[in-house]
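Enquirer: output the structure for:
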Amino acid sequence: MSKGSIRTIAATSLTSFASSILGATLYHLFIRVQTLRRKKKHVAVHNHTCSLAVNDQKTDTELSRGGTASSVKRFREDEILSEQLTRNVQFFGEAPQQKIAESFVIVVGLGGVGSHAAHLLLRSGVGKLRLIDFDQVTLSSLNRHALATREDVGTSKARCLEKHFRNIMPEAEIECVTEMYTADKEEQLLSGSPDFVLDAIDNIDTKAALIAGCKRRGLRVLAVAGAGAKADPTRLRVVDLSEASVDPLSKAVRQKLRSDHGLWGEVPVLLSLEKPLCKLVSMVDLDGGVDPLDYQIVPNFRVRTIPVLGTTPALFGMAAASYVLCHLAGAPWKGEPLKQPLSKEYERLLKDLREREIARFGEACPPCPLDMDDIIFITREMYRGFSARHMKQTVAPGGDKGLTRSVANMTLTRWDKRKSPTVDNVVLLTCEEADKHDETELSTLQQQEPLFVNWVQKILDHARRQYFY
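Expert: Prediction:
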């Protein structure tokens, strides 16, 4: 090897070594700068929180008027709040997050479900929360409560959440009401024009009274069914109350609403399709002559308790919070329908559509571009197993309450016959409705039934966005 080659190799090695040393130095310098920035930010957060704590030394009446000096509504102007909510803004967008920040949500029932729901609503930037529960934190509730510690045992559930919420989002306006919801307190507890009410009550009479009160006042409400004795996280669904016969609590509440308030449905319910894995457990071993009602804390409330796997109420609460947040942001999601058509009916719908295409447009028409997956999506996700003309109607009393819904009398046809039968141009109708639709121009239908046309168009637009057309 020549001296020149040796010099070249040595120079290259020295350069590589120097580069590695320089790279490591720059990396450690970068880490040091980032650490200093984070320490500075932590100090700023601490000072910011302390200043808000001073402003929070006020009465509940003062709090209900305006909250803290710095409000969640102004999160775009507050560096700390802006960074705290940055992931939400990235998900929803700035304008929808502003809607969430300006929203007022009432959570009734602050046990395992309600505490987790309220907790996530707060962390997601809801500007004002009213927390309602008459009960206290117990040792046995610590397996499922979102934030309570042993120090909180014996304190009000509402005050417990308020205490912890102040450390998480001190800018939020929190109202605590340590009372049980009853019909005669409707005006007081549902006042203030809330944007959403979350029902996390586990008592039939109280739950029915709250739902009825919300319907009377035109308030959006999500009812959460029983989370006790359940374990399977894959079985959660949001359905209409009229379909909620698989959950014992929802079924009882539905009957109560029908008999006492004349309500038949149009109330979303978060429930689990799973059958209860355990039975109610007696709190005491009652000897002869002992009245079980002596152990009843509140009249008409059950004496026995239901076993609870702590993870399940958390799942219910987070799912409920997700539902509320997406509605507040103007981006509601539609869950998988409870009732599903049978698989053979999907095959029949696809076959009928292909035959309908040939019958109306001849053998020369292009092959139908839809496959079985498209048919399932159209039938289940877009039209929920209903004719497009009947989607807004609730299930008739005493109607089909099983887990399947027949579409035997329905068929798929083009919405606009000038366009191909793609996912965003197919409508599910009864056979008679489809024949009539095929004979009518879309422009004529728009003049005759503008509300129906706009309703279907929204469904098709949503499908187009989901399929990235």
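Enquirer: and the strands in the chain?
Expert: Taking DSSP state E as the criterion, the chain carries its strands at 104-108, 128-132, 173-177, 196-199, 221-224, 236-240, 268-272, 410-414, 426-430.
Enquirer: quick one: the fifth one to chain centroid distance?
Expert: In this view, strand 221-224 has its centroid 10 Å away from the chain centroid, taken as CA atoms, centre = their mean, to the nearest Å.
Enquirer: also stretch 94-111?
Expert: With CA atoms, centre = their mean, you get 12 Å for stretch 94-111.
Enquirer: cool, and stretch 315-332?
Expert: So, by CA atoms, centre = their mean, the centroid of stretch 315-332 is 3 Å from its chain's centroid.
Enquirer: got a list of contacts for that stretch?
Expert: 92, 96-97, 99-100, 103, 105, 112-121, 124, 126, 146, 195-196, 198, 200, 220, 222, 224, 227, 233, 236, 238, 268, 270, 272, 333 (CB atoms under 8 Å, 6 or more residues apart in numbering). C-beta coordinates here come from the backbone N, C-alpha and C atoms, glycine included.
Enquirer: do the same with stretch 414-434
Expert: 353, 356-357, 360, 366, 368-370, 374, 377-379, 382-383, 386-389, 407, 409-413, 437-438, 442, 456, 460-461, 463-464, 467, 469.
Enquirer: now do it, average pLDDT.
Expert: Per-residue pLDDT over stretch 414-434 has a mean of 92.
Enquirer: put the alpha carbons of that stretch into PDB.
Expert: Provided in PDB are the C-alpha atoms of stretch 414-434 (Å, rounded to 0.1, in the frame of the first residue of the first chain):
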ATOM      1  CA  ARG A 414     -79.800   4.200  -8.900                       C
ATOM      2  CA  TRP A 415     -80.500   7.500  -7.200                       C
ATOM      3  CA  ASP A 416     -79.700   9.500 -10.300                       C
ATOM      4  CA  LYS A 417     -80.300   7.300 -13.300                       C
ATOM      5  CA  ARG A 418     -78.000   9.400 -15.500                       C
ATOM      6  CA  LYS A 419     -75.000   8.200 -13.400                       C
ATOM      7  CA  SER A 420     -73.500   4.800 -12.800                       C
ATOM      8  CA  PRO A 421     -74.700   2.700  -9.700                       C
ATOM      9  CA  THR A 422     -71.700   3.500  -7.500                       C
ATOM     10  CA  VAL A 423     -71.800   3.600  -3.700                       C
ATOM     11  CA  ASP A 424     -72.700   7.300  -3.800                       C
ATOM     12  CA  ASN A 425     -75.500   6.900  -6.300                       C
ATOM     13  CA  VAL A 426     -77.500   4.000  -5.000                       C
ATOM     14  CA  VAL A 427     -80.600   4.200  -2.700                       C
ATOM     15  CA  LEU A 428     -82.300   1.500  -0.700                       C
ATOM     16  CA  LEU A 429     -86.100   1.500  -1.200                       C
ATOM     17  CA  THR A 430     -89.000  -0.900  -1.000                       C
ATOM     18  CA  CYS A 431     -89.600  -2.600  -4.300                       C
ATOM     19  CA  GLU A 432     -92.700  -0.500  -5.000                       C
ATOM     20  CA  GLU A 433     -90.900   2.700  -4.000                       C
ATOM     21  CA  ALA A 434     -87.900   1.800  -6.300                       C
END
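Enquirer: could you tell me the end-to-end distance of stretch 151-164?
Expert: 12 Å (CA to CA, to the nearest Å).
Enquirer: renumber starting at 252 from here on
Expert: Sure, I'll start numbering at 252, so the last one becomes stretch 402-415.
Enquirer: may I see the buried residues of it?
Expert: 403, 407-415 (16 or more other CB atoms under 10 Å).
Enquirer: let me know the closest of the residues you listed to residue 330.
Expert: residue 415 (23.5 Å; CB to CB).
Enquirer: need the per-residue pLDDT for that closest one.
Expert: So residue 415 comes in at 94 (pLDDT).
Enquirer: picking up where we left off before, I'd like the strands of the chain as a markdown table, with mean neighbour count and distance to residue 562 appended.
Expert: Listed next are these as a markdown table, based on neighbours: other CB atoms under 10 Å; distance: least, CB to CB, whole Å:
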| stretch | mean neighbour count | distance to residue 562 |
| --- | --- | --- |
| strand 355-359 | 25 | 20 |
| strand 379-383 | 24 | 23 |
| strand 424-428 | 21 | 26 |
| strand 447-450 | 25 | 20 |
| strand 472-475 | 26 | 15 |
| strand 487-491 | 21 | 12 |
| strand 519-523 | 25 | 12 |
| strand 661-665 | 23 | 40 |
| strand 677-681 | 23 | 38 |
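Enquirer: re earlier: buried subset of the contacts of stretch 566-583, written for ChimeraX?
Expert: Restricted to buried positions by 16+ other CB under 10 Å, the ChimeraX selection for the contacts of stretch 566-583 reads:
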select :343,347,348,350,351,354,356,363,364,365,366,367,368,369,370,371,372,375,377,397,446,447,449,451,473,475,478,487,489,519,521,523
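Enquirer: where does the prediction get shaky in the chain?
Expert: 252-275, 277-321, 496, 530-555, 587-593, 615, 643-656, 717-720 (pLDDT under 70).
Enquirer: domain parsing for it?
Expert: 252-306, 312-579, 594-717 (automatic domain parsing).
Enquirer: kindly provide the distance from residue 597 to residue 405.
Expert: For residue 597, the distance to residue 405 (CB to CB, to the nearest Å) stands at 56 Å.
Enquirer: repeat for residue 698
Expert: Taking CB to CB, one finds residue 698 at 67 Å from residue 405.
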